[in-house]
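Participant: Provide a 3D model corresponding to the input given below.
(2 chains)
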Amino acid sequence: MSNEIAIEFADVTKRYGTAVAVDNISFTITKGEMVTFLGPSGCGKTTSLRLIAGLELPSTGIVRIAGRDVSQRAASERNVGMVFQSYALFPHMNVLENVAYGPIIRGEAKASARKRALEILDQIGLAGLSARLPSELSGGQQQRVAVARAIVQQPDVLLFDEPLSNVDAKLRRKVRGEIRALQKRFGLTAVYVTHDQEEALAVSDRIVVMQAGRIAQIGSPRDLYERPASPFVADFIGDANLISGTVSGGRFRAGDLDLPMLGSDGAAQISLRPERIALAAGDGSPSGTILSCTYLGSRWEYEIETGFAELLASRPMTEPPLAAGTKVCLTIPDTAPIRVT
Amino acid sequence: MTPEHLRATYATRERLAWLALLALGVLVLPWHQSLPTDATPVIPSAFGLAGAGRGWLWPVVLALPVLAWSSFRDAGGRLFLGLAIGAFLALVAQGFSIGLRGPSHEWVAGVFPASLQGQTGFGWGGFTSGIALLGLIAHALALRGFCRGDRFAASAVVFIVALLSLFVFFPILKLAMAAFVGPDGELAFRPFLARLFSPEIWRLDCLTGGRRCGVVINSLVLGLLAASICTTLGLALALIVSRTSFRFKQTLRALSILPIITPPFVVGVAIIVLFGRTGLITVWGAELFDIRPTRWVYGLTGILMAQVLAFTPITFLVLLGTVEAINPTLEEASQTLGAGPVKTFFKITWPLLRPGIAAAFLLAFIESLADFGNPIVLGGGYEVLSTRIFFAVVGARYDLGNAATLAMILLALTLIAFWLQQRWLGKKSYVTVTGKSDAGLASTLPFGLKGVAWAVVVPFVLFTLGVYAVVLVGGFVHDIGRWDLTPTFAHLNTAFAFEISANGVQFFGSAWNSMQTTLIVSAIAAPLTTLVGIMTAWLVARQDFAGKNAFEFGTMLSFAIPGTVVGVSYVAAFNVPPVDITGTAAILVICFVFRNMPVGMRAGLAAFAQIDRSMEEASSTMGAGGATTLRRVVLPLVKPAVFTALVYSFVTAMTAVSAVIFLVSARHNMATAYIMGRVEAGEYALAIAYSTVLMIVMIVCIVLIQLLVGARKLGRRREFQGQTTPAE
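Facilitator: Modelled structure (predicted):
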């Protein structure tokens, strides 16, 4: 991965009338990187993707692709490939015509465009289907055609708009693995939009978490999970217990909870992952009472009433279950809590 | 070269092409329609004329070097856009401020003494320059991010707005101004008021048993009666078709397009043949029941009969749509809650139908107000707005001011009805169709209502059959009017005689000329109408640009303007400079394009609603500009809409009369105008024969268009195959 910048947003804002979809965001994406825009619906992630594609133009700010200012350039004048949520395969063209469409439009001779399209189809294992119409393919095959069509022109950036939302749940893990492998194999810069945090964690080099048109945090999947910068990020990526209390003298206190915590004194909020809370029946501090115990197949999930918050905890199946009503003592490793405010 | 550089080169090339066109327009092509008498420049272009003392042309000429310089300095800059707009405004301003007989304001004469000589309308040079300047404006707008930077879409918006302004809104504006012109050509308010409140228009004497009522009252009475009857019949037909075990549903649907391909006047003529003073049924009645034959059919009754025949299919289609859109589970729910069929009909079905009934009523009302063909044939002394407007322009008492005033009243009435209809459809429509399949079965009509419906429908069907029997037979018998049924081709021969000799085919018939014009004009107008309509739909459905709502409103508005108003507004606007095109074939084509364009647009909008927008976005991310995407992705997918638009615009151009009647000339006569002449001369058989030929030609052409457009091949993907037939 070189350090060359593939995409840059500088103070980009997109307004629709008075509504602000993207609110003054800036970031850079390095060449060869796979970056995911993650966030709840309406957070501006799809608009950001479309701003890269040129399907929307920024109201203010500058979008650069491969070093060139493309802010006011139409989509057709940028070199991007995009895989759409609905795949958007042309129903009146067969697979080969779909994939060769871009090169032909950009002025390549028909024969060489077809040859190149066939090569790509071959590489993703669809060579035998080139004469089929999109309606004659399975969902997974359609998706691969959409990817082939997007990468055939060696785009500066490959864009994915929730590409797995039409793939059934079982296949998703496999397909997202294929997408990631393909991106690495071709050394493509890719931007991926999803609202599924697990998907984002699985495929990305870096994740841009968005909230209400702004960037909440940018970081590697591990960064975001282990060091969320805000309650929103902590809560959105994985499950989190958010506990309010105060910090003084290097300790965080809330009810009978007392943990070592660096940082300035005053009101604070910490995030605590459910799997980092150990439970033991009996008295102790901090203490709690089991409200419910749910069997989830791979683990037990507990709701626990404590003096400072209602906590969610999850324990491996190897531990015996604790019945509702049991008094428990909680054990929290010093490294587990992350201060988020 | 990278795609990026390639695109930049394309942009420069396009800009150069527009500049070259501008150069052609101002330097080479003759600026005016005809050369001014006083000046004899070397070349009659704007450049030549400006050099010969016509100084007001300098801004347009100098725009060329200034724009060229500015575009190469910074084509995406504000300056270039401003200069292009300025140059276009200068072109428009000089055209409007100096007319045929000199300048419209005295100060113009002070600055440019030569302007006292006047100037004729724009010629090739003027139009070419205008087009080039609009192209440059669109280019500059696109570079500044208009239409997401798509130059093709930006040009489409700019040109369509310009065309609509010139050919829809400018004539109406001109017409409104004409309403204020006094007898000596001066602007005055008093004559307008005098005309507006003339008893000729508003008097109510007929109610008190005195003389006739005013034309507005006549029009309103006719419109309300026709709308009521058509809606009742349409509803009865719709209920019978969808809520009984009626088996000829498809046949009835197919037959409902019959009035669309029926040329105007022919229904009126058939009614006269049946019910006139010497009509078949009148004579028969006189012999059997000793009823004294009168001219009772001329007037309100006759017009009503013809309009009911013509507009019932429209209300039928609208109401059939409404009835079929009612979710049957609602009626089933009512029945499980204990309501019987009659109670369910009146408590559930009827309230759900009401918005559709209102829409159908208003539609029929608008059509009745706009109708010209039937009142002119059957009106007798019963004058309505459209016929009065016609006689004010074409008759012996030429009075454009009066025609304009009447036209503004007609327009106002229509727009109010149109506005009401839009409101009703927009807000009160209880369409209960969802994406889910409806599980229930529609309940059948209660027995009593079924009887009422049949009682209403049967006379109508008999009447329709009678009229079309006359139309079918009338052209090929000796004299249908006197029930002389000896078969003959004499009428056909009068109209369409030809001889094949050694010198090739020679055409003698009196109708060849108008037939040829009609076919050529329709064949040119249909594809243009479709293009403009589908393009407009594409812009509205798929592009985002500033002012889009106003754009959409404007196009829908142009739909509501009655043909008579369009005709008289074209007369007011286009027989003087700067756009002086009356008497040409072009004005006929233009008139059709902008009258029928909204139908293509509606068909297009319905089709676009069915096609996932991301397909076009995919095409553009792969490097296709708006034009390529439109041609390679959009058009193949909206073929049914293209077909609908082509057929509708072709057929309407063939049968239109209300606007065209004002625009035909001796050189460019249309079939409908010819038929009207024959009807006025009492040559009914000839009129019917010609109409029959027209209908056959239309059917053949529809089949040809079907073959030409072809079917869409999408494999199994049926969900794209949407219903795209517009409501009318």
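Participant: just checking, A:Val63 touches A:Phe9?
Facilitator: Yes. A:Val63 lies in contact with A:Phe9 (Cβ atoms under 8 Å); the separation is 6.0 Å. (C-beta placed from N, C-alpha, C; glycine too.)
Participant: quick one: the helices in the stretch 51-200 of chain B?
Facilitator: B:58-74, B:78-97, B:106-111, B:124-143, B:151-164, B:170-178, B:190-196, B:199-202 (DSSP state H, counting those that start in this stretch).
Participant: next to chain A, which bits of the stretch 101-250 of chain B? Give me the list.
Facilitator: B:142-145, B:148-151 (Cβ under 8 Å from any Cβ of the partner chain).
Participant: and if we set it to 10 Å?
Facilitator: B:142-154 (Cβ under 10 Å from any Cβ of the partner chain).
Participant: can you classify A:Ile62 as helix, strand or coil?
Facilitator: State at A:Ile62, reduced to three classes by DSSP: H, G, I helix; E, B strand; the rest coil: strand.
Participant: contacting residues around the closest residue to it other than its chain neighbours?
Facilitator: Spatially, and ignoring its direct neighbours in sequence, A:Ile62 is nearest to A:Ala10 (4.5 Å; Cβ to Cβ, 6 or more residues apart in numbering or on different chains). A:Ala10 makes contacts with A:24-28, A:58, A:61-64, A:69, A:71, as judged by Cβ atoms under 10 Å, 6 or more residues apart in numbering or on different chains.
Participant: can I get the helices of the stretch 51-200 of chain B in a markdown table including mean pLDDT and mean neighbour count?
Facilitator: Output for these, formatted as a markdown table (pLDDT from 0 to 100; neighbours: other Cβ atoms under 10 Å in any protein chain shown):
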| stretch | mean pLDDT | mean neighbour count |
| --- | --- | --- |
| helix B:58-74 | 91 | 18 |
| helix B:78-97 | 93 | 18 |
| helix B:106-111 | 81 | 12 |
| helix B:124-143 | 94 | 24 |
| helix B:151-164 | 92 | 22 |
| helix B:170-178 | 90 | 18 |
| helix B:190-196 | 79 | 16 |
| helix B:199-202 | 79 | 15 |
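Participant: out of these, which comes closest to A:Pro316?
Facilitator: Closest to A:Pro316 of the helices of the stretch 51-200 of chain B is helix B:151-164 (Cβ to Cβ; 58.3 Å).
Participant: what helices or strands is that closest one leaning on?
Facilitator: When contacts are defined as 3 or more Cβ pairs under 10 Å, 6 or more residues apart in numbering or on different chains; DSSP states H and E, helix B:151-164 packs onto helix B:3-23, helix B:124-143, helix B:512-542, helix B:548-560, helix B:585-609, helix B:626-629.
Participant: for the first one, which helices and strands make contact with it?
Facilitator: Based on contacts counted as 3+ Cβ pairs under 10 Å, 6+ apart, the elements that helix B:3-23 packs against are helix B:58-74, helix B:78-97, helix B:124-143, helix B:151-164.
Participant: how far does the shortest one sit from its chain's centre?
Facilitator: What it means is helix B:151-164. Computed by Cα atoms, centre = their mean, to the nearest Å, the chain-centroid distance of helix B:151-164 equals 20 Å.
Participant: mind checking which of the helices of the stretch 51-200 of chain B is nearest A:Leu96?
Facilitator: helix B:151-164 (26.8 Å).
Participant: tell me the pLDDT at residue 228?
Facilitator: I went with chain A, as the question did not name one. A:Pro228 carries a pLDDT value of 93.
Participant: nope, chain B
Facilitator: 96.
Participant: any idea which element it lies in?
Facilitator: Element membership of B:Ser228 [criterion: DSSP states H and E] is helix B:215-243.
Participant: and for A:Pro320?
Facilitator: Applying DSSP H and E, one finds A:Pro320 in no helix or strand.
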